[in-house]
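Student: my questions are about this predicted structure, shown below with the sequence.
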Amino acid sequence: MITLDTCRQADAADPLACFREHFHIPEGLIYLDGNSLGAMPVRTPGHLDEVIRRQWGTDLIRSWNTHRWVDLPQRLGDRLAPLIGAGAGEVLVTDSTSVNLFKLLDLALQLRPGRRVILSDTGNFPTDLYMAQGLSRLLGPEYSLRLVEEDDIAAALSPDVAVMMVTQVNYRTGRLHDMARLTRLAREAGALALWDLSHSAGAVPVDLTCCDADLAVGCGYKYLNGGPGAPAFLFVARRHQGQGFPALCGWFGHQSPFEFELQYSPAGDIRRFLCGTPPILSMAGLEAGIELLEETDMSSVRNKSVELTDLFMRLIRQECPDRFRLVTPEIAAERGSQVSLAHPAGYAIVQALISDGVIPDFRAPDILRFGFTPLYTRYIDVWEAVRRLRDIMDSGRWRRPEFNIRHTVT
Ligand SMILES: Cc1ncc(COP(=O)(O)O)c(C=O)c1O
């Protein structure tokens, strides 16, 4: 039997407990949606204020040189690299995950001439699939996106597959794929592996180098706590750099942008995947988030993440037996930092929880998603969230009409 005291003791023994005060969490709120939008680090407004008032306000355009705005995408990429097991010069912070997917899928198709299939799975995030569809359409009818069930990815690595595109942690179910195994199988089949790390970076230890991954992308606004719409990142293994021709030939990706040449010639390094002027203010927000993560170690983060998700699943079984279908794998090694429950009235239940001061989110058609960011979630938060969920289910309060009004963002 798990009690509130069990959770209090776990908080008292938590080596990461000190990180909570580095985040702005509104009093009384239980925030379980860091897998969608990470909470704001306390240092972020101060850092933005410095960038806005001094760097922009006072130093103005000189800041491109004096504050090195011009190479912020590479500098931030290099700081992010250790969190995902990449080397210096292999990561760039730029654009959105969607745009980066387009760039890297195109690169993969160029690196595997003669192979014209992008392989992915029906559990992948829609933007990944849409970008692949758009790119194939642009390249011509010989190119296609082949979609299979998640469990059939390995078997579908046929000789026409140029690139296997998988999201490491499934956004809906929280299932964690075996990156080392799938990357090896892709390589043995002659294909490249492109990983979407949106739900892993900052939450799950990732070792792109050890897994021999080829390409990767990911969001900056989830577990990296970069702020709404923060720039994304991309990874290109050193062995693939300097090859192919960028799909999006922006001037920041030119080998010498300030020569203003008429002919595009791509930078020889990771910079070729830049397009236009970096959004410095948004990048400054992400810089503060990455800086905070640099003060942690990913194995402690992972340990706590496994404990929080495990606690939540056990409490659901204890407090709300038979109310929900558990969608997330129970084996710790097979899940990321979220737990998903299925219920036909999932949307209304989530709305009722939000009105009770607990914020998860909902993914159609029936998934209640609870994200556990180890740096700011306490064990007692998990206890209290399940207690409020139980009350909502026992009272049937979720049936109220106001909880059934569908908002645009769920
Ligand atoms: C796996 C995954 N990829 C990509 C995205 C979104 O990418 P973008 O930043 O381009 O909107 C999300 C958003 O939640 C996601 O979960």
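Tutor: That came through fine.

Student: and the protein, which residues reach the ligand?
Tutor: Residues of the chain lying near the ligand by Cβ under 6 Å from any ligand atom: 96-98, 125, 127-128, 167, 171, 196, 198-199, 219, 232. (Each C-beta comes from the backbone N, C-alpha and C, glycine too.)

Student: from those residues, which land in strands?
Tutor: Using DSSP state E, the members of the residues of the chain next to the ligand that fall within strands are T167, D196.

Student: now flag whichever of the residues of the chain next to the ligand is closest to H343.
Tutor: The shortest approach to H343 among these belongs to Y171, at 18.0 Å (Cβ to Cβ).

Student: quick one, phi/psi of that closest one?
Tutor: phi -60, psi -30 (degrees, to the nearest 10).

Student: in this structure, which spans are helices?
Tutor: 4-12, 43-49, 63-66, 72-80, 97-111, 126-139, 179-188, 208-211, 280-294, 298-319, 346-355, 379-395 (DSSP state H).

Student: which residues does the last one contact?
Tutor: Applying Cβ atoms under 8 Å, 6 or more residues apart in numbering, the set of residues contacting helix 379-395 from outside is 2, 4, 6-8, 10-11, 14, 30, 32, 307-308, 311-312, 315-316, 319-320, 323, 349, 352-353, 356-358, 360, 370, 372, 397-398.

Student: ok, the longest one next?
Tutor: Residues lying outside helix 298-319 but in contact with it, judged by Cβ under 8 Å, 6+ apart, are 1-2, 7, 10, 14-16, 83, 174, 202-205, 323-324, 326, 328, 330, 332, 335-339, 341, 370, 372, 374-375, 377, 379, 382-383, 385-387, 389-390.

Student: same question for the fourth one.
Tutor: Outside of helix 72-80, the residues within contact range by Cβ under 8 Å, 6+ apart are 68, 86, 88-94, 201, 224, 231, 233, 252, 270-271, 274, 278, 280, 283, 286-287, 290-291, 294.

Student: quick one: mean pLDDT over that helix.
Tutor: Averaging pLDDT along helix 72-80 yields 98.

Student: chain neighbours aside, what residue packs nearest to A237?
Tutor: Leaving aside its chain neighbours, A237 sits nearest to D214 (5.4 Å; criterion: Cβ to Cβ, 6 or more residues apart in numbering).

Student: ugh, typo on my part, it should be V350
Tutor: Nearest to V350 is F362, by Cβ to Cβ, 6+ apart, at 4.3 Å.

Student: how much space separates M393 from R387?
Tutor: Distance of M393 to R387, computed by Cβ to Cβ, to the nearest Å: 11 Å.

Student: quick one, grab the pLDDT at the closest residue to I280 other than its chain neighbours.
Tutor: Nearest non-adjacent residue to I280, counting by Cβ to Cβ, 6+ apart: W69, 5.2 Å away. With respect to pLDDT, W69 has a value of 98.

Student: same check, this time on V409
Tutor: 87.

Student: for it, give me its contacts.
Tutor: Counting by Cβ under 8 Å, 6+ apart, there are no residues that V409 touches.

Student: one more time with 10 Å, if that's ok
Tutor: S36, D361, F362 (Cβ atoms under 10 Å, 6 or more residues apart in numbering).

Student: the residue nearest to H67 when sequence neighbours are not counted: neighbouring residues, count only.
Tutor: Using Cβ to Cβ, 6+ apart and skipping the chain neighbours, the partner closest in space to H67 is Q55 (4.9 Å). Q55 is flanked by 19 other residues according to other Cβ atoms under 10 Å.

Student: from here on, count from 797
Tutor: With 797 as the first residue, the last one maps to Q851.

Student: check contacts around Q851.
Tutor: Contacts of Q851 (Cβ under 10 Å, 6+ apart): R858, S859, W860, T862, H863, W865, I1076, L1077, A1080.

Student: try A1144
Tutor: F1158, I1188, R1193, W1194, R1195, R1196, P1197, E1198, F1199, N1200, I1201, R1202.

Student: picking that back up, so which of the contacts of V1205 belong to strands?
Tutor: Using DSSP E, these in strands are D1157, F1158.

Student: what's the closest of the contacts of V1205 to the ligand?
Tutor: Relative to the ligand, the closest of those is S832; by Cβ to the nearest ligand atom it sits at 6.5 Å.

Student: what about the closest one, distance to D867?
Tutor: S832 is 30 Å from D867, by Cβ to Cβ.

Student: the more surrounded of those two?
Tutor: When neighbours are counted by other Cβ under 10 Å, S832 and D867 differ, and S832 comes out ahead with 19 against 14.

Student: so the more buried one touches I1155, yeah?
Tutor: Yes: at 9.3 Å, S832 counts as touching I1155 under the criterion of Cβ atoms under 10 Å.

Student: quickly list what's touching both of these two.
Tutor: Joint contacts of S832 and I1155 (Cβ under 10 Å, 6+ apart) are G1167.

Student: report the beta-bridge partners for I1155.
Tutor: Going by DSSP bridges, I1155 is paired in beta bridges with Y827.

Student: what does the one 10 residues further on give?
Tutor: In this structure, R1165 has beta-bridge partners S1136, D1157, where bridges are defined by DSSP bridges.

Student: return the set of buried residues in stretch 835-842.
Tutor: A835, M836, P837, R839, T840 (16 or more other Cβ atoms under 10 Å).

Student: pull the helix or strand with minimum mean pLDDT from the protein.
Tutor: Scoring the helices and strands of the chain by mean pLDDT, DSSP states H and E places strand 1157-1159 at the bottom, with a mean of 94.

Student: and that strand, what does it pack against?
Tutor: helix 1142-1151, strand 1163-1167 (3 or more Cβ pairs under 10 Å, 6 or more residues apart in numbering; DSSP states H and E).

Student: among those, which is the most enclosed?
Tutor: The highest mean neighbour count among the helices and strands packed on strand 1157-1159, using mean count of other Cβ atoms under 10 Å, belongs to strand 1163-1167: a mean of 26.

Student: distance of S1052 from the ligand?
Tutor: 29 Å (Cβ to the nearest ligand atom, to the nearest Å).
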